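Participant: Here is my input; please provide its structure:
(2 chains)
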Amino acid sequence: MKRIPAIAAAVTAAALMGGAASASTLVYCSEGSPEGFDPALFTSGTTFDASAKNVYNRLVEFERGTTETIPGLAESWDVSEDGTEYTFKLRQGVKFQDTEYFTPTRDFNADDVIFTFERQRLDDHPFNKASGGTWEYFNGMSMPDLIAGIEKVDDYTVKFKLTRPEAPFVANLAMDFASIMSAEYADKLAADGKVEMLNQQPVGTGPFEMVGYQKDAVIRYQAHEDYFRGKAPIDNLVFAITPDASVRYQKLKAGECHVMPYPNPADLEAMKSDDQINLMSQEGLNVGYLAYNTKVAPFDKPEVRKALNMAINKDAIIDVIFQGAGKVAKNPIPPTIWSYNDAVEDDGYDVEAAKKALADAGVSDLSMKIWAMPVQRPYNPNARRMAELIQEDFSKVGVNVEIVSYEWGEYLSRSKEEDRDGAVLLGWTGDNGDPDNFLAVLLGCDGVGGSNRAQWCHQPFEDLIQKAKVTSDKAERTKLYEDAQVVFKEQAPWATIAHSVVFEPIAKSVQDYKIDPFGGHIFYGVSVSE
Amino acid sequence: MLSFLFRRLLTFLPTFFGVTVVSFAFIRLIPGDPILLLAGERGVSPERYKELSEQMGFDRPLWAQYLEYLGGLFQGDLGTSFVTKKPVVTEFFALFPATLELSICAILLAVALGIPAGVIAAVNRGKFFDQALMTTALIGYSMPIFWWALLLIIVFSSGLGWTPVSGRISLMYFFDTPTGFMLIDSLLSGQKGAFLSAVRHLILPTIVLATIPLAVIARQTRSAMLEVLGEDYVRTARAKGLAPLRVNGLHALRNAMIPVVTVIGLSVGTLLAGAILTETIFSWPGIGKWMVDSIFRRDYQVVQGGLLLIATIVMIVNLSVDVLYGFINPKIRKG
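Facilitator: Reported below is the predicted structural model:
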């Protein structure tokens, strides 16, 4: 019964804010404050939710709820024969948001695209050092090496010249750091000597415009009336910043918010049985793994690695560590990514077969280290406990395990060393939904001594992923990645352990909400019934 | 009085410098490289690492970084957060009023209930009220804040619906906050019901934050009162036939107040520490959560700047307590 007055209050709030009698408001109990509002400066999902996902658009975008790319501010694009030139035709008549702090005088055009990328790319660009920009994602996705030049062909055509053919480039442009900013707004800020405001008062083309922000308390948005895909069904969007998961749940129950992220696993049962709450779930875009060092004996033998994989009881790990909020992983990419090869068979849990395989490989009295991460991650909520479970499993096949751990920064850098001792627990969360972002980064030959913690460079696998990288045809790429997953499973450089399952409890009054596989929270297309 | 104040101020300066050294060193002693932590699993190439180190000034010797920090301090510059890219001072003063408002309410509640409770317990020593009160105080003191806060939310917010779950004011109110104190800003806004909403939002966090200081003040008042009640002058006052209220309330309490004021002064530190948990649970936009987040991210500038500001505030409060002693007991002022 208490739900009704609370929602009624929200509706009144909407009326106060928007002035319309039938205005509808959606309250999202977000988990923290954004670091800022310029998505190119930051890397956290919390920041992207508050900026890129709802305020901005990109040339190419991900279709809501999927990892498929669709046209965004670019209507279409052509790729040159050699795969090194991408020409984007821009959408016409797209309006920037008209806010209290800025009134645009022109529509979106090629200048905005040039500004967006050149400020990140060129050291001498006037906005390159603004707001202490380090452009983490732009650099992290190797864009400075990849982009040779950006050219304005005409007001509505932009050409990107690349230093090499790279099929995942289009998916990169759909990432949050590639959100298109207004060059006109930036010029105005520069003229007023207030360049840092670009990061504090955002102006985008997206479905919601920012109305107000109080750090650690609330962010308010209203629907962008002239949004090019049509005005959002909700009139007002409010982020009520609520850091504690139990409190978010209480707020959802009390009707003080409609959508909450990251519930406590312990609350899931109660949420499932709550008739006011719709508990949505989907596999996360991540993978947790145990990477053997394939350069160090006896882990240089695939038979040994496969034998150890058979000794791990993954179902027990899902129950104990993930409390059900996880799914056994058999491939190095999660099922939400295109080209996921469901035909691959996992190395089943079989203690006797594992013992035999180890004996056949001539391994006895093996002692090894397992590295346990000191931090919680969606793909591994408790690495220490996971290491203990694996230690117990391995002891059943006569393998003695010592568990080691380091401070997180040190863990990340030490685990890269090629002569590292032992197997490392780690994982990865995808950036752009492209299989290349998992397979090449984590298992490619270039990553040895770096992000390839298995130090695994296997030519047949490498050939497949390199070929896929320079192939533009998606069907062909899919086939290549499917084959690569088969090779991966035969060679077993990792024990693939789990993909997390993302849960999102939402109020029953919320319609058409979709879980974003990238972990974002997107409110365009969502409505609230009164 | 002036020379007393001057003497106290002299001890203030070395403490302040001590705090700059400790706050600077403290966060750097915790293992963890901010650049590596920022990069996470994605990693960072050695060239990029070098570039970022130079940009953030980590490549220079520690003493040079410290001197630069000190130089900035003299110009009122506490540095810039390398996470949010905003000046530390701006962030601090945007968030501090929320913490201050909550802390003031909590200390007022703790004093308003703690002192009378302690006095009544002392006067009724050994009786049922005394024992019940001291047991309650002990429970209050040992209560895990996190659990206590959630319990209150579940009962009073979700269950009975009397108080809001979290936040500082209902989302339906939307106005500028020139002072940062929601009670004042809600009145200034002129929006109907805003002030009441701000008060309702303050109730549970105030109770939670006041719990420990309340228990400490009650126990301290009781023991100080017991000591004073046994003194000759109190016996004389009673023998003169003064009313018990006058004896206990005026003669005894005034002398019992010195240790109590000390405890209240020291509670300010406890309150700021308690605010970390309380603010997190009640989504209270104060400095507690800001500091914790910054420690996890090894945001050096924020941690050292924030610590310094908080320490300065605690020092100022303690200085005020010392001055207050002088009023309560002139012997201290002259000694």
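Participant: so residue A:261 sits right up against residue A:31, yeah?
Facilitator: Yes - assessed by CB atoms under 8 Å, residue A:261 is found in contact with residue A:31 at 5.7 Å. C-beta: built from backbone N, CA, C; applies to glycine.
Participant: ok, which residues in the stretch 1-150 of chain B are in contact with chain A?
Facilitator: B:31-33, B:36-43, B:48, B:52, B:55, B:80, B:82-86, B:91, B:94-95, B:98, B:150 (CB under 8 Å from any CB of the partner chain).
Participant: Could you give me the ChimeraX selection string for whichever of these are buried?
Facilitator: Filtering the residues of the stretch 1-150 of chain B next to chain A down to the buried ones (16 or more other CB atoms under 10 Å in any protein chain shown) takes a single ChimeraX command:
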select /B:32,33,36,37,38,39,40,41,42,43,48,52,80,82,83,84,85,86,91,94,95,98,150
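Participant: Look through the stretch 51-200 of chain B and state the residue closest to chain A.
Facilitator: Here the residue of the stretch 51-200 of chain B nearest chain A is residue B:172; by CB to the nearest CB that distance is 3.5 Å.
Participant: State the pLDDT value of that residue.
Facilitator: As predicted, residue B:172 sits at a pLDDT of 81.
Participant: Distance-wise, check it relative to residue B:24.
Facilitator: 44 Å (CB to CB, to the nearest Å).
Participant: Using the record's assignment, carve chain A into domains.
Facilitator: A:23-34+A:206-276+A:508-529, A:57-205, A:286-501 (the TED database).
Participant: Is residue A:403 in a helix, a strand, or coil?
Facilitator: Following DSSP: H, G, I helix; E, B strand; the rest coil, we place residue A:403 in the strand state.
Participant: Residue B:76: neighbour count?
Facilitator: Using other CB atoms under 10 Å in any protein chain shown, residue B:76 has 8 other residues around it.
Participant: Identify the residues contacting it.
Facilitator: By CB atoms under 8 Å, 6 or more residues apart in numbering or on different chains, the contact set of residue B:76 is residue B:89.
Participant: Same check on the one 4 residues further on?
Facilitator: For residue B:80, the set of contacting residues under the criterion of CB under 8 Å, 6+ apart consists of A:132, B:86-88, B:301.
Participant: Which residues belonging to stretch B:273-291 are considered buried?
Facilitator: Within stretch B:273-291, the residues scored as buried using 16+ other CB under 10 Å are B:274-291.
Participant: Go ahead and measure how far it is from the middle of the chain.
Facilitator: The chain centre lies 11 Å from the centre of stretch B:273-291; the measure is CA atoms, centre = their mean, to the nearest Å.
Participant: Next, the distance between the ends of it.
Facilitator: The first residue of stretch B:273-291 is 10 Å away from its last residue (CA to CA, to the nearest Å).
Participant: Could I get the pLDDT score of the most centrally placed residue in chain B?
Facilitator: For chain B, the residue sitting closest to the mean C-alpha position, by CA atoms, centre = their mean, is residue B:272 at 2.7 Å. pLDDT for residue B:272: 78.
Participant: could you say which helix or strand contains it?
Facilitator: Using DSSP states H and E, the element containing residue B:272 is helix B:253-281.
Participant: does the helix or strand that that helix is followed by come close to chain A?
Facilitator: Using DSSP H and E, the helix or strand that directly follows helix B:253-281 along the chain is helix B:287-296. Yes - if you take CB under 8 Å from any CB as the test, helix B:287-296 does meet chain A, through B:289-290, B:293.
Participant: and helix B:287-296, what other elements does it pack with?
Facilitator: helix B:88-123, helix B:253-281, helix B:300-328 (3 or more CB pairs under 8 Å, 6 or more residues apart in numbering or on different chains; DSSP states H and E).
Participant: residue ranges with poor pLDDT in chain A?
Facilitator: A:1-22 (pLDDT under 70).
Participant: Just the buried residues of the helix ranked longest in it, please?
Facilitator: Using DSSP state H to define each element, chain A has its longest helix at helix A:474-491. Using 16+ other CB under 10 Å as the test for burial, helix A:474-491 gives A:477-478, A:480-489, A:491.
Participant: and if you look at stretch A:332-339?
Facilitator: A:332-337, A:339.
Participant: where do the helices sit along the stretch 1-150 of chain B?
Facilitator: All helices of the stretch 1-150 of chain B, identified by DSSP state H, counting those that start in this stretch, fall at B:2-29, B:34-39, B:46-56, B:62-74, B:88-123, B:128-142, B:145-152.
Participant: Stretch A:255-271: which residues count as buried?
Facilitator: A:255-265, A:267-268, A:271.
Participant: Chain B: which of the residues you listed is nearest?
Facilitator: residue A:256 (5.7 Å).
Participant: Those residues of the stretch 201-335 of chain B touching chain A, which are they?
Facilitator: Residues of the stretch 201-335 of chain B lying near chain A (CB under 8 Å from any CB): B:280-286, B:289-290, B:293.
Participant: okay, those in JSON lines with distance to residue A:70 and pLDDT next?
Facilitator: Listed next are these as JSON lines, based on distance: CB to CB, whole Å; pLDDT from 0 to 100:
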{"residue": "B:280", "distance to residue A:70": "39", "pLDDT": "85"}
{"residue": "B:281", "distance to residue A:70": "41", "pLDDT": "88"}
{"residue": "B:282", "distance to residue A:70": "41", "pLDDT": "90"}
{"residue": "B:283", "distance to residue A:70": "36", "pLDDT": "87"}
{"residue": "B:284", "distance to residue A:70": "41", "pLDDT": "89"}
{"residue": "B:285", "distance to residue A:70": "37", "pLDDT": "89"}
{"residue": "B:286", "distance to residue A:70": "42", "pLDDT": "89"}
{"residue": "B:289", "distance to residue A:70": "38", "pLDDT": "82"}
{"residue": "B:290", "distance to residue A:70": "39", "pLDDT": "87"}
{"residue": "B:293", "distance to residue A:70": "35", "pLDDT": "83"}
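Participant: Which two among those residues are spaced furthest apart?
Facilitator: B:282 and B:293 (16.0 Å; CB to CB).
Participant: related to what we said a few turns ago, quick one: which of the residues of the stretch 201-335 of chain B next to chain A is nearest to chain A?
Facilitator: Among these, and counting by CB to the nearest CB, the member closest to chain A is residue B:285, at 3.3 Å.
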